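Chemist: Need the 3D shape of this:
(chains A and B)
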2 protein chains.
Amino acid sequence: MAESWVNHVDRIGGSDLHLELSGPGSKRAALTRALRDAVRSGRLAPGTRLPPYRSLAADLGVARNTVADAYAELVAEGWLTARQGSGTRVAERTRPLRTSDRPRPPHTVVRPGEPEPHAHPHSPPAPHPHPRTARQDQTLRHDLRQGTPDISAFPRTAWLASYRRALQQAPNEVFGPGDPAGRPELRTALAEYLARARGVRTEPDRIVVCSGFAHALRLLFGGGVGRQVLRGPLAVEAYGLPFHRELLAAEGVRTVPLPIDDHGARVDLLARERAVLLTPAHQFPTGGPLHAERRAAAVDWARARGGVVLEDDYDGEFRYDRKPVGALQSLDPERVILVGSVSKSLSPSVRLGWMVLPERYVGDVLAAKGEREAWASVLDQLALADFIVSGSYDRHVRRMRQRYRARRDRLVAALAEHAPHIEVGGVAAGLHAVLRLPPGTERSAVRAAARQGVALDGLAGFRHPATDMPAHDGLVVGYATPSEHAYTAALEALCGALSPGGTQMP
Amino acid sequence: MAESWVNHVDRIGGSDLHLELSGPGSKRAALTRALRDAVRSGRLAPGTRLPPYRSLAADLGVARNTVADAYAELVAEGWLTARQGSGTRVAERTRPLRTSDRPRPPHTVVRPGEPEPHAHPHSPPAPHPHPRTARQDQTLRHDLRQGTPDISAFPRTAWLASYRRALQQAPNEVFGPGDPAGRPELRTALAEYLARARGVRTEPDRIVVCSGFAHALRLLFGGGVGRQVLRGPLAVEAYGLPFHRELLAAEGVRTVPLPIDDHGARVDLLARERAVLLTPAHQFPTGGPLHAERRAAAVDWARARGGVVLEDDYDGEFRYDRKPVGALQSLDPERVILVGSVSKSLSPSVRLGWMVLPERYVGDVLAAKGEREAWASVLDQLALADFIVSGSYDRHVRRMRQRYRARRDRLVAALAEHAPHIEVGGVAAGLHAVLRLPPGTERSAVRAAARQGVALDGLAGFRHPATDMPAHDGLVVGYATPSEHAYTAALEALCGALSPGGTQMP
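Modeler: Numbers count the residues shown, from 1 in each chain, chains lettered A, B, ... in the order given. Below you'll find the predicted structure:
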């Protein structure tokens, strides 16, 4: 059959064309596919006249209607044209697929000494470069960049068990259009969990599920003038994520930097801003908690000015000291919006976060999100609800807390031994530490680390361009990032770079 | 112990306060919790002075440090204040959680005769009212609104099998920050599937995963002036989804309606618009395919004017006639953006869609999406890739196609018997039919249906406010929406409403 087909096409197109009428489906489907491929590839040139149904059918040993149907289908798709009296021809307008001869648009490449413009402790657009980019840079084999948990520790078995239970128990309505607030099972589980683990005071109806912190920022500040839930100017910490500032700038929101001192952000300097974005549990990236007086002052300011505090609770679950710091939100649930996600506690691949809202914002945030759940996977929401309620989430966080604490301890001990001149800060909590450096030495330290194959960020890239507070030199060490077996080598390489004999630092 | 605690609090707060030092964790944790609860609930009033460590420790039979730690923690959280010389007091600023005394902001309620403002054949903000709202309206017990597949048919077992395989086989990098283009496994599976099932010509690197059609529109037209991938004005079909127009209007994009005739949208009227949004396979909601000449004309216009065709392939998999219509995209992959999702084929609860892009837009769309995957669940992406590659997707679509075709046939037969004066259109494909009505009778027909307990939309709500084409009266019947066992009753009720004896229509 292929033989006769080749012969036939010879007569049509004048070229030696090999086609196969094989593959799944009916003969009509196979013929349609073969013809389409021939036109698509340019082997059947535009304008070429196709044989009458009858003769092609005879050549191929198929019914005449089979050919007629295949032609009609390709006419409907625009590959062929049919005109009374002039038969069926290859359409003029089909064009072969242009083959990509340039590589995909490059993603940000992280160079040592220059933290990526979009560094981010959360999930969305963030500090870790594009995976493919990361693979390109084989010289930086030790990944100590902040922003990601140990992804080799994802609790596959427990998560799958929760997903299975959730899917099996779900009522049918789960598979329909979803509530934009999020599944009630998840909001109920979160309200209980956040009260227990973070001291959050809320109820399920004040929680709105989202796909992460960036989504929350967009819901609050996006939508264009007149449609925003919150408006700027927004005070932010003078050191923080450039990605957040850029996202806000894209929404037309001006950010005003608050200096940071040993007690955290200088919320006493808050004035006419309408909102303030804080990382109270563990300032990102400098690492300290917001002092109790400052916590209170932030809420007082919000009350006095009608403002709102945006609490970025990005790693609140990971605290290693004896004084866990609860959420600022608990001081005044009507003045604080708490935003969290599973990106640090579980994985950024599970695109789930939550907003704990004052009552007056719930309606506006839901309106911004849309009439249906258009973002967060409903099945993942149910799985996470089960994961929390079954205790798996607590077990996982506890396990990771122990693991990260041990790494933190090893980091501190190794530096005390090999680089005793370096002060380590921000280690009471979180997934990263800050190595404080003498002024003017940060860039050379990042370079020294890179020479040892260590990828990490300096503090400079996190600094708000408009702040006038004194610059801090330091390295941000994401000790959670490597897998367990890779941590030792990463730590050795880091110490090699920073030890007095192994670095260029003064 | 509770006894001594009660006594103690009596001395502090002057009220009969019962507290329990029970619950999980250490004594310190239990004490902290009990104190926090007492302050939170208002049982320990602001300003109240707490007893010295030593005396409370003695009363409770715990170590003095336990009390000191608990106090310190609550000071750090802002519940208590500690001042040298004046002891520890309940902070002034704590405020009990305001209990919600008004209901959640109401969601859109669908009234018969008035299609919801946000009707939508896709997933996000769409025609089906909020589930809770839907439950409120018990009188409309037959759901024939368009926009949703039969959610009782979600393939739980097969989906779970794919999810399990995907999770078990996933390399660790899956759990890290994701590629904003989407998982390569899914893009590869989609490129193959779309070529086979829809005639799409593309390659994995030109596909960008998103969370549905609304997300795609936001990625293309959002981001504010100067940042948009595409710009308006955008031509749209004169009948279409108000939700799309509203979303575009919110992004500052003007929509220009194209009249629709028996050959579909009048793309021959395209002029200076920069893009056109079409539903070529099955015009939504009127139901016809775009004529082959119009398909070609749309692409010709895009080439001549440097424009782009946005192909909304919302239900292209469900075709019941003998001439399946492939994707318009195949006519010119450099001039057509095809957008699809699993919302109709599988479930809107799986928040996954795809954009098949001309090469020149890939970089801009990825930039709009962000540096990491911030939206679509990566685990669901892997599950869908397996679901497609394993053949489960084809099997499910085939099964649903048969089911919907049978329902379509029953609808046509029932109307032919009970309401022979009504012409049924748009039935060659898709999940809905249009019952054409005499001019001026649509509203009364929707009301007649509502009296029989049938919820459905009239065509009027889908009409572009700026079009001057003649109005079409008709009912949009979403015959896919009910579960299999509920369809018979829904059909009977519909026929009861439309039969000459049972309706008010002329």
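
Chemist: in the stretch 251-400 of chain A, which spans are strands?
Modeler: Under the criterion DSSP state E, counting those that start in this stretch, the stretch 251-400 of chain A contains strands at A:255-258, A:260-261, A:264-265, A:275-278, A:308-312, A:336-341, A:353-356.

Chemist: for the stretch 1-150 of chain A, same thing?
Modeler: Counting by DSSP E, counting those that start in this stretch, the stretch 1-150 of chain A has strands at residues A:80-83, A:87-90, A:142-143.

Chemist: on that earlier part again, could you dump the strands of the stretch 251-400 of chain A to TSV with mean neighbour count, distance to residue B:482 and mean pLDDT?
Modeler: Placement of C-beta: from N, CA and C, glycine included. Output for these, formatted as TSV (neighbours: other Cβ atoms under 10 Å in any protein chain shown; distance: least, Cβ to Cβ, whole Å; pLDDT from 0 to 100):
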stretch	mean neighbour count	distance to residue B:482	mean pLDDT
strand A:255-258	22	50	97
strand A:260-261	16	59	96
strand A:264-265	28	55	96
strand A:275-278	24	46	98
strand A:308-312	26	44	98
strand A:336-341	27	37	98
strand A:353-356	26	33	98
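
Chemist: what would those look like in CSV with distance to chain B?
Modeler: Below are the strands of the stretch 251-400 of chain A laid out as CSV (distance: least, Cβ to the nearest Cβ, whole Å):
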stretch, distance to chain B
strand A:255-258, 16
strand A:260-261, 17
strand A:264-265, 12
strand A:275-278, 13
strand A:308-312, 12
strand A:336-341, 10
strand A:353-356, 10
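
Chemist: Dump the strands of the stretch 1-150 of chain A into TSV; add mean pLDDT, distance to residue B:454 and mean neighbour count as well.
Modeler: Output for the strands of the stretch 1-150 of chain A, formatted as TSV (pLDDT from 0 to 100; distance: least, Cβ to Cβ, whole Å; neighbours: other Cβ atoms under 10 Å in any protein chain shown):
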stretch	mean pLDDT	distance to residue B:454	mean neighbour count
strand A:80-83	79	42	17
strand A:87-90	83	46	19
strand A:142-143	95	59	21
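
Chemist: Nearest to chain B, out of the ones you listed?
Modeler: strand A:80-83 (7.8 Å; Cβ to the nearest Cβ).

Chemist: Quick one: residues in contact with that closest one.
Modeler: A:35, A:39, A:50, A:71-72, A:74-75, A:88-92, B:292, B:296 (Cβ atoms under 8 Å, 6 or more residues apart in numbering or on different chains).

Chemist: hang on, isn't residue A:320 packed against residue A:433?
Modeler: No. Proximity of residue A:320 to residue A:433 does not meet the contact threshold set by Cβ atoms under 8 Å, at 10.9 Å.

Chemist: The strands of the stretch 1-150 of chain A into CSV, with extra columns for distance to residue A:218?
Modeler: Shown next, in CSV, are those (distance: least, Cβ to Cβ, whole Å):
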stretch, distance to residue A:218
strand A:80-83, 46
strand A:87-90, 47
strand A:142-143, 28
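
Chemist: Relative to residue A:162, which of these is closest?
Modeler: strand A:142-143 (28.6 Å; Cβ to Cβ).

Chemist: For the closest residue to chain B within the stretch 401-506 of chain A, which non-adjacent residue is spatially closest?
Modeler: Using Cβ to the nearest Cβ, residue A:483 is the residue of the stretch 401-506 of chain A that sits closest to chain B, at 7.1 Å. Nearest residue to residue A:483, sequence neighbours excluded (Cβ to Cβ, 6 or more residues apart in numbering or on different chains): residue A:152, at 3.8 Å.

Chemist: can you tell me which residues contact that neighbour?
Modeler: Residue A:152 is in contact with A:483-484, B:172, B:175, counting by Cβ under 8 Å, 6+ apart.

Chemist: The residues you listed into TSV, with extra columns for secondary structure?
Modeler: Formatted as TSV, the contacts of residue A:152 follow (DSSP: H, G, I helix; E, B strand; the rest coil):
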residue	secondary structure
A:483	coil
A:484	helix
B:172	helix
B:175	helix
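
Chemist: Most neighbours among the residues you listed, which one?
Modeler: residue B:175 (26 neighbours; other Cβ atoms under 10 Å in any protein chain shown).

Chemist: That one and residue A:154 touch, don't they?
Modeler: Yes. In terms of Cβ under 8 Å, residue B:175 counts as a neighbour of residue A:154; the distance is 4.1 Å.

Chemist: list the residues that contact both of the two?
Modeler: Counting by Cβ under 8 Å, 6+ apart, the residues touching both residue B:175 and residue A:154 are A:347, A:349.

Chemist: which one of residue A:320 and residue A:433 has more residues nearby?
Modeler: residue A:433 (26 against 16).

Chemist: so that one bridges to which residues?
Modeler: Residue A:433 has the following beta-bridge partners by DSSP bridges: residue A:477.
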